[in-house]
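Undergrad: got a sequence here, can you model it:
(one chain, ligands or ions: 3)
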Amino acid sequence: MKTIKDMKTFETTTSELLIVGVRKNSNLIKGWDQFISFFGNSIEEWIREGDIQTDQKKLTKIPVKTSNSNVKRILFVGLGDRKKLTEQLLRETFGLVGKELKKLKANSFSIWLESFTAAPIDENDIAFLSAEGIGMGYYTIPNYKTTSNEPDTTIETVEFVTEADIDEVVSSFNVGKVYADSVNEARSLVNRPPNLLTAPDLADYAVQLAEQYGFEVEILNKAELEELGMGGILAVNQGSSIEPRMITLKYQAKETFENVVGLVGKGVTYDTGGYSIKPKTGMVGMKGDMGGAAAVLGAMRIVGELRPDQNVVAVIGATDNMISSDAMKPDDVITTYSGKTVEVLNSDAEGRLVLADAVTYAKQHGANYLIDVATLTGGVITALGYDKTGALSNNEAFFDAFIEASIETGEFVWGMPLTESDKKRIRKSDVADLNNSPGSDGHMIFGGGFVGEFVENTPWIHLDIAGTSDAKSAHDLGPKGGTGVMVRTLATLVERFEDLQKERNSF
Ligand code: BES
Ligand code: ZN
Ligand code: ZN
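TA: Ligands and ions are numbered 1, 2, ... in the order given. Sure thing, here's the model as predicted:
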């Protein structure tokens with residue numbers, strides 16, 4: 001999407017398609033009379049008659065004829081009640097607009113910003129939200145069909161009809177676009193078939209990002225992991241003919257690498273369950289078990305583009321979880337990178353073993369704050385469904401800051417308790433320090449709590465995205481499949497980290 005950087009009016013816009021927000025009492029919009037007199041009184045009549053719908057998320061497309069404008073069609077976007085308008089509602093509505101634009105194969109459009117504003121949501125916010133929503137809504141899953149008569153469409157030009165400062169509007173739009181593009185890249189990683197996205201492939205993608213954005217990058221291969229004694233990720237990889245990778249990206253914004261946010265992702269490129277094998281219906285979709293890694297990489301892409309003044313280190317443990325005569329078995333005892341030993345009770349509880357080593361490594365690389373993101377448990381789906389990410393934390397203020405970022409992005413996160421008795425059960429084993437599967441009751445907490453054992457006293461947030469990473473059906477902001485969940489919240493947290501810290505007298 002390119003944006004045209006000078007102010008447009010209904011008369012000067014070059015696009016044939018104009019996008020206009022309508023709601024109850026649209027006549028209160030600044031410039032409405034001018035709009036009506038430009039495009040004709042019948043618009044008001046159609047609104048009155050309900051032919052142009054003002055209800056939330058209702059879209060109406062009408063042809064227009066004017067002699068003094070290029071506009072040939074107006075896409076009216078129903079916004080409902082002005083007082084009930086929220087940023088998230090606008091974001092989702094723009095998602096639907098994005099889907100409509102794709103259907104129309106529209107490659108250019110102009111948007112009348114003032115028709116969408118409602119205090120405190122101003123023109124810059126609308127520019128941001130429209131880029132984010134339209135960008136995400138427009139997304140299509142890459143496919144491998146040999147016969148396709150669907151030509152690829154992309155949005156080439158965007159223009160703004162507005163009275164606001166055009167430079168500010170364009171820069172807000174471009175930030176929204178970076179957010180959407182990065183979410184879409186994360187989605188494509190999740191959607192990629194597992195034979196085409198192995199751990200080495202994921203590492204290659206990270207190296208590419210690093211080259212593009214000047215991150216420091218380190219990729220550890222199997223021999224190096226063995227040398228370091230990363231027994232967690234190696235145990236999971238044991239049954240695989242494909243090598244594991246421990247991926248580290250560093251973004252240094254400050255002179256000294258202090259006050260570092262650590263993002264840790266589960267990158268299980270396929271989870272068969274191992275010897276604790278998944279039922280055949282539970283296995284399909286496990287290509288998405290690297291959703292945490294995708295979220296971290298998507299957030300790093302935003303960091304690379306927007307270059308916030310905040311140090312970040314990202315660590316991703318990448319491997320598949322396969323079966324062979326060499327594979328890890330239930331009853332095995334393994335030694336993690338931290339030195340802690342684990343009794344494996346269930347080879348399908350593999351993510352926490354990978355994360356154990358990744359978290360320890362992130363701390364070694366200077367992370368002072370840790371957020372791990374993982375498609376970790378079916379338990380979180382039982383507890384919270386498919387629309388809420390489950391969380392654990394050991395630090396109230398840090399968690400509160402994270403929730404503030406998540407409210408801004410509209411990504412739902414819900415904190416769960418981690419009690420001493422939960423920890424006791426994670427530490428219960430006759431033969432090792434920990435066990436990887438204390439039980440099926442409330443087991444989202446055991447999964448995250450296990451990772452917490454390796455975090456120790458570092459302020460930490462655990463995000464279980466097993467329910468939210470892969471949509472079962474199409475939604476306002478995108479199609480079925482990878483959602484790119486947490487990309488935007490992680491990036492927002494990083495961008496605003498110092499402010500959030502100051503507001504809370506540090507954490
Ligand atoms: N990758 C799965 C979790 C998962 C489930 C992700 C559904 C996405 C959708 C994870 O590795 C797993 O298998 N977890 C087990 C844990 C159990 C063995 C303690 C689970 O949730 O059943
Ligand atoms: Zn598993
Ligand atoms: Zn898994």
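
Undergrad: now do the SS call for the closest residue to ligand 1 within the stretch 1-150 of the chain.
TA: Proximity of the stretch 1-150 of the chain to ligand 1 (CB to the nearest ligand atom) peaks at I141, 17.9 Å away. In this view, the C-beta of every residue, glycine as well, is placed from N, C-alpha and C. Under DSSP: H, G, I helix; E, B strand; the rest coil, I141 falls in the coil class.

Undergrad: local confidence estimate at it?
TA: Looking at I141, its pLDDT reads 94.

Undergrad: wait, isn't it in contact with G481?
TA: Yes: counting by CB atoms under 8 Å, I141 touches G481, with 5.4 Å between them.

Undergrad: for the residue of the stretch 251-400 of the chain found nearest ligand 3, list the residues it contacts.
TA: As assessed by CB to the ion, ligand 3 sits closest to D271 within the stretch 251-400 of the chain, at 3.7 Å. By CB atoms under 8 Å, 6 or more residues apart in numbering, the contact set of D271 is 278, 283, 286, 289, 320-321, 348, 350-351.

Undergrad: mind doing that once more with 7 Å?
TA: Going by CB atoms under 7 Å, 6 or more residues apart in numbering, D271 touches 286, 289, 321, 350.

Undergrad: among the residues you listed, which ones are in helices?
TA: With DSSP state H as the criterion, helices contain none of the contacts of D271.

Undergrad: in TSV: the residues you listed, plus distance to N41 and pLDDT.
TA: Shown next, in TSV, are those (distance: CB to CB, whole Å; pLDDT from 0 to 100):
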residue	distance to N41	pLDDT
M286	58	98
D289	57	99
N321	65	99
E350	66	99
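
Undergrad: are any of the residues you listed buried, and which?
TA: 286, 289, 321, 350 (16 or more other CB atoms under 10 Å).

Undergrad: about what we covered before: of I141 and G481, who's got more company?
TA: A count of neighbours by other CB atoms under 10 Å puts G481 above the other of I141 and G481, at 20 against 15.

Undergrad: can you say which helix or strand has K250 in it?
TA: strand 245-251 (DSSP states H and E).

Undergrad: how close does P417 sit to ligand 3?
TA: Here P417 is placed at a distance of 23 Å from ligand 3 (CB to the ion, to the nearest Å).

Undergrad: what sits opposite E218 in the beta ladder?
TA: T248 (DSSP bridges).

Undergrad: just give the number of residues close to it.
TA: 17.

Undergrad: where does pLDDT dip in the stretch 51-200 of the chain?
TA: For the stretch 51-200 of the chain, the stretches with pLDDT under 70 are 149-151.

Undergrad: show me what residue of it gets nearest to ligand 3.
TA: Nearest to ligand 3 in the stretch 51-200 of the chain, going by CB to the ion, is P194, at a distance of 12.2 Å.

Undergrad: I figured that residue hits K287, correct?
TA: Yes: applying CB atoms under 7 Å, one finds P194 in contact with K287, separated by 4.1 Å.

Undergrad: shared neighbours of the two, anything?
TA: Y270.

Undergrad: more neighbours, the two?
TA: The neighbour comparison of P194 against K287 (other CB under 10 Å) goes to K287, with 24 against 19.

Undergrad: the helices in the stretch 151-300 of the chain, which residues?
TA: With DSSP state H, counting those that start in this stretch as the criterion, the stretch 151-300 of the chain has helices at 166-191, 199-213, 222-228, 231-237, 280-283, 291-306.

Undergrad: tell me the angle the second one makes with helix 291-306.
TA: The directions of helix 199-213 and helix 291-306 differ by 10 degrees, with axes from the mean of the first three to the mean of the last three CA atoms, to 10 degrees as the criterion.

Undergrad: and the residue in the stretch 351-500 of the chain that ligand 1 sits nearest to, what is it in contact with?
TA: Closest to ligand 1 within the stretch 351-500 of the chain is G378: 3.3 Å, counting by CB to the nearest ligand atom. For G378, the contacting residues are A466, by CB under 7 Å, 6+ apart.

Undergrad: which ones are touching S469?
TA: 190, 288, 291, 375, 482-483, 485.

Undergrad: filter those down to the ones near ligand 1?
TA: Residues of these in contact with ligand 1 (CB under 6 Å from any ligand atom): T375.

Undergrad: excluding sequence neighbours, find me the nearest residue to the closest residue to ligand 2 within the stretch 251-400 of the chain.
TA: Nearest residue of the stretch 251-400 of the chain to ligand 2, counting by CB to the ion: D348, 3.7 Å away. Leaving aside its chain neighbours, D348 sits nearest to G273 (3.8 Å; criterion: CB to CB, 6 or more residues apart in numbering).

Undergrad: so who does that neighbour touch?
TA: So G273 contacts 321, 347-348 (CB under 7 Å, 6+ apart).

Undergrad: sorry, back to before: now do the strand holding K250: which elements does it pack against?
TA: Here strand 245-251 touches helix 199-213, strand 216-220, strand 312-321, going by 3 or more CB pairs under 7 Å, 6 or more residues apart in numbering; DSSP states H and E.

Undergrad: just the CA trace of the second one, in PDB.
TA: Presented in PDB, the C-alpha positions along strand 216-220 are these (Å, rounded to 0.1, in the frame of the first residue of the first chain):
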ATOM      1  CA  GLU A 216      22.500  -9.200  16.000                       C
ATOM      2  CA  VAL A 217      21.600 -12.800  15.300                       C
ATOM      3  CA  GLU A 218      22.900 -16.200  16.600                       C
ATOM      4  CA  ILE A 219      21.700 -19.600  15.500                       C
ATOM      5  CA  LEU A 220      22.700 -22.600  17.500                       C
END
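
Undergrad: so what's the residue count around F94?
TA: 31.

Undergrad: hang on, isn't it packed against G133?
TA: Yes: F94 lies in contact with G133 (CB under 7 Å); the separation is 2.5 Å.

Undergrad: just send the helices of the stretch 151-300 of the chain back as CSV, with distance to R23 and mean neighbour count too.
TA: Listed next are these as CSV, based on distance: least, CB to CB, whole Å; neighbours: other CB atoms under 10 Å:
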stretch, distance to R23, mean neighbour count
helix 166-191, 21, 22
helix 199-213, 40, 19
helix 222-228, 57, 15
helix 231-237, 52, 28
helix 280-283, 45, 10
helix 291-306, 31, 28
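
Undergrad: which among those helices is found nearest to I29?
TA: helix 166-191 (17.0 Å; CB to CB).

Undergrad: for that closest one, name the packing helices and strands.
TA: Using 3+ CB pairs under 7 Å, 6+ apart, the elements in contact with helix 166-191 are strand 2-3, helix 123-137, strand 157-161, helix 291-306, strand 481-482, helix 487-495.

Undergrad: grab the nearest non-local neighbour of I277.
TA: I323 (6.8 Å).

Undergrad: can you check F109 too?
TA: L17 is the one closest to F109 (CB to CB, 6+ apart), at 4.3 Å.

Undergrad: what does K2 give?
TA: T157 (5.4 Å).

Undergrad: for F109, which residues make a bridge with it?
TA: V158.

Undergrad: give me the pLDDT value at the closest residue to E216 other than its chain neighbours.
TA: Leaving aside its sequence neighbours, E216 sits nearest to K250 (CB to CB, 6+ apart; 4.0 Å). Per-residue pLDDT puts K250 at 98.
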